[in-house]
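**Q** Coordinates for the following, if possible.
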Amino acid sequence: MANAAVISRANLVYGLCLPLAVLLGYLLASPFESGSVAVVVLVISVLSIPILMRWHHPLLIFSCNAAIYPYLVPGRPALWTIMALVSAFFLLLNRSLGRDVRFFRDRQVSFSLICLGLVALVTAYVNGGIGLHYFGSQNSGGKRYLTLVCGILVYFGLSTLPIERNRAKLAVAVFYLSALTGLVGYLAGFAGPSSYFLVELFPIEGGVTELNLMGADPLGQEMVRLGGLGGVAGGIFFYLLARYGLRGTFELRRPWRWILFLLAILATLYSGFRSNLILLLLTMGMMFCLEGLFTLRNVLTLTLVLSIVTAIGLPFTQRMPQSVQRSLSFLPVNVDTVVRLNADDSTNWRLQMWQDVLPTIPRYLIKGKGFGMDSDEIFLIGNAQRAGFAKPYEEQMFAGNYHSGPLSLIIPLGIFGSLAFVWFLYAATKVLIRNWRNGDPALKSINTFLLGIFIVRIFFFIFVFGAIAQDLAVFAGIVGLGVSLNAGSAAPETSLPEPEADDAGEIT
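**A** I've put the predicted structure just below:
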């Protein structure tokens with residue numbers, strides 16, 4: 001045995017890596033063939049296992065607001081859906097190995113989400129299955145079922161593992177500032193075709209198109225909405241409020257904070273979407289109340305500032321870029337006629353669609369409609385709409401894009417799904433209130449913001465815009481981050497009763 005060959009670790013690594021590199025190089029010569037894509041995804045997945053085992057929780061935190069859509073994954077889902085599944089897998093694996101993994105840090109929130117998931121799965125079953133058109137099914141809409149389930153897994157993935165107190169601020173920064181990845185599309189537009197390879201991970205098509213339209217109209221006479229800026233601005237805006245609070249953001253000794261805050265609002269205006277500006281204004285108002293700033297002095301100061309801004313900006317409203325005017329069009333200001341017609345038309349077809357949809361609600365109270373839809377019918381309705389033979393909203397209505405949170409909930413999932421979602425909102429709000437009142441003072445600004453943005457999101461979902469399949473992950477991410485930061489639900493401190501002394505003066 002003394003003459004037996006000894007294989008070192010380096011030889012073993014080279015022996016495995018070199019043939020693997022040759023195989024991948026051969027497959028990448030024809031990267032768009034399904035077999036090549038499958039093998040490359042499999043190899044990357046296997047090699048990523050050690051990294052994902054160690055860092056799946058931080059990666060899930062990062063992915064919640066990141067604008068990353070891996071091209072190699074079938075259907076090109078958002079990164080957060082992939083990380084939600086990965087995180088759930090490794091948490092279950094650790095639990096099966098006997099490690100201390102607590103899935104139910106708050107039982108009401110956990111059970112309400114499980115109930116909502118069961119309602120969605122039962123609804124899919126009674127309506128003919130999930131329907132994944134990418135895998136050859138005649139029906140489509142299955143991606144919404146998967147998005148809904150992954151939104152539930154986001155909560156469990158975030159809340160199960162507590163975040164160390166000294167890393168709380170870093171976690172909040174990673175959670176919200178990952179929205180800066182939305183700038184990649186605009187950077188690719190400036191860099192030109194040499195950067196178009198970024199489409200493998202980032203949705204750069206929208207940014208490139210928007211910049212090309214702006215280049216064709218440098219004076220801003222045509223309305224070009226920079227939709228990606230809305231998400232980027234929101235990430236910066238929310239991070240500043242979570243990290244410093246409204247009072248700390250406007251601290252005069254830290255000018256970079258309020259300058260960045262105002263730049264985020266300006267970028268929101270250029271996005272051209274009224275809903276983005278409404279969300280930021282509602283969040284500011286909620287933080288104003290939760291931080292105890294609603295005093296006579298602050299109200300008078302705020303009124304004076306708004307009066308000055310209005311007096312200066314109002315005469316120049318119609319000279320602003322049309323995207324900015326459209327963002328402001330819900331306010332009582334004079335905007336360009338074209339902008340006003342565009343905004344009113346967008347509102348009118350939603351109102352008309354809701355009038356057509358509301359009478360159908362009783363039909364789906366017990367057995368929800370589900371998210372499935374026939375692909376051929378969508379194609380025919382789309383062609384009829386473009387030819388002028390269908391209403392301008394008929395394709396959106398058939399596809400379930402109601403642009404209304406309550407309708408997107410009660411029609412696909414019925415009364416049972418609606419009750420489960422209301423239960424979740426109630427339980428999650430209770431958790432966030434307890435953390436706000438009883439949490440660590442070092443997390444006060446973060447807990448205040450998480451409570452405020454959660455309440456604002458509920459109002460926004462009901463009265464402004466919502467889609468349950470996508471928005472559930474937003475709600476679950478907020479409460480999941482709060483539970484992870486506070487290691488559950490913070491309980492009030494209980495003081496022990498003082499010992500009593502007897503007649504002899506001895507303590508009993």
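**Q** quick one: the strands in this structure?
**A** Remark: strands assigned in the chain by DSSP state E are 139-140, 373-374.
**Q** quick one: which of these has the weakest pLDDT on average?
**A** Ranked by mean pLDDT, the strands of the chain bottom out at strand 139-140, with a mean of 66.
**Q** For Y69, what are phi and psi?
**A** Main-chain dihedrals, Y69, degrees, to the nearest 10: phi -140, psi 90.
**Q** Any idea how many residues pack against it?
**A** 18 (other CB atoms under 10 Å). Where C-beta positions appear, they are placed from N, C-alpha and C, glycine not excepted.
**Q** swap in I61?
**A** I61: 29 neighbours (other CB under 10 Å).
**Q** quick one: contacts for the closest residue to T81 other than its chain neighbours?
**A** Nearest residue to T81, sequence neighbours excluded (CB to CB, 6 or more residues apart in numbering): C150, at 4.1 Å. C150 makes contact with 77, 80-81, 84-85, 473 under the criterion CB atoms under 8 Å, 6 or more residues apart in numbering.
**Q** go on, I446?
**A** Contacts for I446 (CB under 8 Å, 6+ apart) come out as 168-169, 172, 242-243, 485.
**Q** The same query, at a cut-off of 6 Å, please.
**A** Contacts for I446 (CB atoms under 6 Å, 6 or more residues apart in numbering) come out as 172, 242.
**Q** Distance check, L18 against V41.
**A** Distance from L18 to V41, counting by CB to CB, to the nearest Å: 21 Å.
**Q** okay, the two: which has more neighbours?
**A** Taking neighbours as other CB under 10 Å, L18 and V41 compare with V41 leading, 14 against 10.
**Q** I'd say that one and L72 touch.
**A** Yes. Counting by CB atoms under 6 Å, V41 touches L72, with 5.1 Å between them.
**Q** how close does L407 sit to K369?
**A** With the distance defined as CB to CB, L407 ends up 11 Å from K369.
**Q** who's more crowded, the two?
**A** L407 (22 against 17).
**Q** how does the protein divide up, domain by domain?
**A** Structural domains annotated on the chain: 24-98, 120-160+357-489, 162-310+317-335, as defined by automatic domain parsing.
**Q** would you list those in CSV and tack on distance to D344?
**A** Listed next are the domains of the chain as CSV, based on distance: least, CB to CB, whole Å:
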stretch, distance to D344
domain 24-98, 30
domain 120-160+357-489, 13
domain 162-310+317-335, 8
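**Q** so of those domains, which one's packed in deepest?
**A** Scoring those by mean neighbour count under mean count of other CB atoms under 10 Å gives domain 120-160+357-489 as the most buried, with a mean of 19.
**Q** end-to-end on that one?
**A** 27 Å (CA to CA, to the nearest Å).
**Q** Check the gap between the closest residue to L161 other than its chain neighbours and S45 for me.
**A** Leaving out its chain neighbours, the residue that sits closest to L161 by CB to CB, 6+ apart is H57, at 4.8 Å. Plainly put, H57 is 18 Å away from S45 if you go by CB to CB.
**Q** before we move on, what about F156?
**A** For F156, the distance to S45 (CB to CB) stands at 21 Å.
**Q** got the end-to-end distance for stretch 310-328?
**A** End-to-end span of stretch 310-328 (CA to CA): 12 Å.
**Q** for stretch 161-174, same thing?
**A** End-to-end distance (CA to CA), stretch 161-174: 16 Å.
**Q** Not counting its own residues, what contacts it?
**A** 57, 61-62, 242, 443, 446, 484-485, 487.
**Q** wait, which of the domains of the chain is closest to R105?
**A** domain 120-160+357-489 (4.3 Å; CB to CB).
**Q** Now do the closest one: distance to the chain's middle.
**A** Here the centre of domain 120-160+357-489 is set off from its chain's centre by 11 Å, with CA atoms, centre = their mean, to the nearest Å.
**Q** so where's the stretch 1-150 of the chain shaky on pLDDT?
**A** Counting by pLDDT under 70, the ranges of the stretch 1-150 of the chain that qualify are 1-16, 24, 26-38, 131-140.
**Q** now with 90?
**A** For the stretch 1-150 of the chain, the stretches with pLDDT under 90 are 1-54, 70-76, 93-105, 127-143.
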